[in-house]
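Enquirer: Could you work out the structure for the sequence below:
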Amino acid sequence: MTFATVQQQLTTPEGFSKALDVRSAPIGLFWSLILITVLAIGVNLFQLGSATDWDWYLMGRYFLDPDAVQFEGYRAGRSEAFRFFAVYAPLVALPLAVIALIVHLSTRGKTGRKRFEAFQQRGWVARQRFTGLRVKSGNQQADTVLLSHPSMPDEAFDAAAFQYASENAALDKKAKKAAARAAVKAGVIQGVSAARLTPTLPGELIIALARGKSEYVVVIPPEPGTNSKIEILPLKL
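Expert: All right, here's what the predicted structure looks like:
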C-alpha cells in the first residue's frame, strides 16, 4: 500500500472508516461478554454432562441449578464461586452484551463522522519508523516508533529516524532502561512530542507505541484548548 493510495482512501468518510483498524470500546466489551457467556455455558454443560452421562433431559432440567454443578479438588469457597459463575454468568453477561452491541451500532456513525472531521481539520497520515527503544506497556514490552509529520520531507525524516535509532542502539543496558522509563513518564504510551525525549528531534515529530501492521497510521492531535488526547490510529493493510 503506497502513501498516495492511503491518502486517496481517506478522502471520504466511508473510505476513512473502512481504512482504520480500530475497535470501539462497546464492541470490545461485547466480544468479551460473549466469550464469558460461551465459557460459562461450556463449563456448565461439561460438568452436567459428566454427572448425568450426557443425558440431555437431565442436563436441561438442572441447567440453572448451581447445586447440580460440582468442582472437585477445590476449596469450598472457590468451588461455590465456580458453580455460580457457570450458571449465572450467562444470565448477566448476555444481556449486557446485547446492550453493548446496541450502543456500538447507535454511536459508531456519529463517532466515525466526528473522527473524520477532526482528521480533515488537523490530522495527517504518518509513517512509522522503529526507534529501537522498547517500553513496558501493561505486562508486556512494546516497540516505540517515530512518526513523521507533513512539514518534514521524507528524506529528512528517514535520516532523523535512523540517527535516533542509532543513538538508542548505542546505549548500554542500564542507560536503555533509564531511557525507557523516562519515555513512559513523558507519555510515550499515548504519544508524545519527540522533543520531550531528545533535543536532536523537532517537536513536530511524535514518538509513540507502534500501532498495527501497516507502515502508516493516522494521527489526530487534540483540539486546541481542550483536554482531549492525541489519537494514533492503525490502518488496515
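
Enquirer: Okay, domains of the protein per the record?
Expert: 21-118, 124-234 (automatic domain parsing).

Enquirer: Out of those domains, which gets nearest to Gln9?
Expert: domain 124-234 (9.8 Å; C-beta to C-beta). In short, each C-beta sits where N, CA and C put it, glycine included.

Enquirer: Where is the longest helix in the chain?
Expert: Counting residues, the longest helix in the chain under DSSP state H turns out to be helix 76-122.

Enquirer: Following the chain onward from it, which element is next?
Expert: strand 124-137 (DSSP states H and E).

Enquirer: Now do the helix or strand that that next one is followed by against strand 124-137: the angle between them, please.
Expert: Later in the chain than strand 124-137, the nearest helix or strand by DSSP H and E is strand 140-147. Relative orientation of strand 140-147 versus strand 124-137 (axes from the mean of the first three to the mean of the last three C-alpha atoms, to 10 degrees): 150 degrees.

Enquirer: so where's this protein shaky on pLDDT?
Expert: Scanning the chain for pLDDT under 70 picks out 22-24, 68-79, 109, 237.

Enquirer: ok, 90 please
Expert: Applying pLDDT under 90 to the chain flags residues 1-9, 13-28, 43-88, 100-115, 138-139, 200, 223-229, 236-237.

Enquirer: before we move on, which element is Gln8 in?
Expert: helix 3-9.

Enquirer: So which of the domains of the chain is nearest Val6?
Expert: Among the domains of the chain, domain 124-234 sits nearest to Val6 (C-beta to C-beta), with 5.2 Å.

Enquirer: wait, Val6 sits on Val217?
Expert: No. With contact defined as C-beta atoms under 8 Å, Val6 does not reach Val217; the gap is 9.9 Å.

Enquirer: All set, thanks.
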